[in-house]
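1. Have a look at this prediction, sequence included:
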Amino acid sequence: PEHGLSLYLETAQFSCLLDVGASDRFIRNAEKMNIDIRAVDFVFISHGHMDHIGGLPAFLEFNQTAPVYLSENLLSQIYYSERNGFHRISLDVDLTPYEDRFVNVGPGIVFSHELTLSMASSRQYPRPKANQALYKDAGEGIVPDDFNHEIIFAFGSEQLFVYSGCAHRGLLNILDSVRLSTGKKVGTLMGGFHLLDSEKGRLYESPDEIDSIA
């Protein structure tokens, strides 16, 4: 099994991939599910960590037309984790040949009445404690990651489907930001929340802190 996340979303208006996992395995999984990756309309990359962006080179080769929506800050930084030893967790591939496929997302972009891609601007609530093991280098040395490369996907006419990626900016901050930017209620939330160390089976937050999020 691969440590990575890639979701396929099909609506009446479009089909898309929400992240692309850590390798090309999402393509093989899609084939088993009779999903044609070549027909995907666009890709959304939630943030720059390898388990969400590692399959991007394979996608760009396999589907040669679909645009890729990602943070305007994502490709200019290198990402690291000190979990299980300090190591790089960002893509180490030259994506320059595909520059014309990338659409940079700033603080907020509304593509239609139903689709919004944005950053989590709210800072009202705490961020996950697991972030303490994550770093970045934007060209001036390694510093704690502020997750300026993380963006949110929200879709729906009345109640929203929200994809949080890993929710590094904090699940409640993300929900608060989406409600403020769209004026809509969140009906479904999907993604990672970074509340549990999957290898050690321990919670980063206390039970009371998790109850407050719920």
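-> Structure received.
2. where are the low-confidence patches of the chain?
-> 108-111, 194-214 (pLDDT under 70).
3. how close does the most centrally placed residue in it sit to Glu82?
-> Centroid check for the chain by CA atoms, centre = their mean gives Ser46 as the closest residue, at 1.9 Å. Counting by CB to CB, to the nearest Å, the gap from Ser46 to Glu82 is 21 Å. Every C-beta, even on glycine, is put in place using the N, C-alpha and C of the backbone.
4. list the contacts for the residue lying closest to Leu180 once chain neighbours are set aside?
-> Distances taken as CB to CB, 6 or more residues apart in numbering place Ser122 nearest to Leu180, at 7.0 Å, with adjacent residues excluded. For Ser122, the contact set (CB atoms under 8 Å, 6 or more residues apart in numbering) comprises Leu172, Asn173, Ile174, Asp176, Ser177, Leu180.
5. swap the cut-off to 7 Å and go again
-> Listed by CB atoms under 7 Å, 6 or more residues apart in numbering, the contact set of Ser122 reads Asn173, Asp176, Ser177, Leu180.
6. With Pro144 instead?
-> Tyr135.
7. Any idea what it is bridged to?
-> Note on Pro144: beta-bridge partners Tyr135, judged by DSSP bridges.
8. What separation do you get for it and Phe193?
-> According to CB to CB, Pro144 and Phe193 sit 20 Å apart.
9. Next: Pro97.
-> Taking CB to CB, one finds Pro97 at 35 Å from Phe193.
10. what does Glu72 give?
-> 25 Å.
11. How many residues are close by the closest residue to Asn131 other than its chain neighbours?
-> Of all residues not flanking Asn131 in the chain, His168 sits nearest, at 5.8 Å (CB to CB, 6+ apart). Using other CB atoms under 10 Å, the number of residues around His168 comes to 26.
12. in a helix, that's where Asn174 is, yeah?
-> Let me fix one detail, which is that residue 174 is Ile and not Asn. Yes. Assessed with DSSP: H, G, I helix; E, B strand; the rest coil, Ile174 lies in a helix.
13. May I ask which helix or strand encompasses the closest residue to it other than its chain neighbours?
-> Excluding its sequence neighbours, the residue lying closest to Ile174 (CB to CB, 6+ apart) is Ala120, at 4.6 Å. Element membership for Ala120, per DSSP states H and E: none, as it lies in no helix or strand.
14. residues contacting Ala120?
-> So Ala120 contacts Glu150, Ile152, Arg169, Asn173, Ile174, Ser177 (CB under 7 Å, 6+ apart).
15. repeat that for 8 Å
-> Glu150, Ile152, Arg169, Gly170, Asn173, Ile174, Ser177.
16. ok, the fifth one touching Pro128?
-> No. Between Asn173 and Pro128 there is no contact under CB atoms under 8 Å: 10.2 Å.
17. ranges for the helices of this structure?
-> For the chain, the helices defined by DSSP state H occupy 25-32, 50-53, 56-62, 171-182, 207-213.
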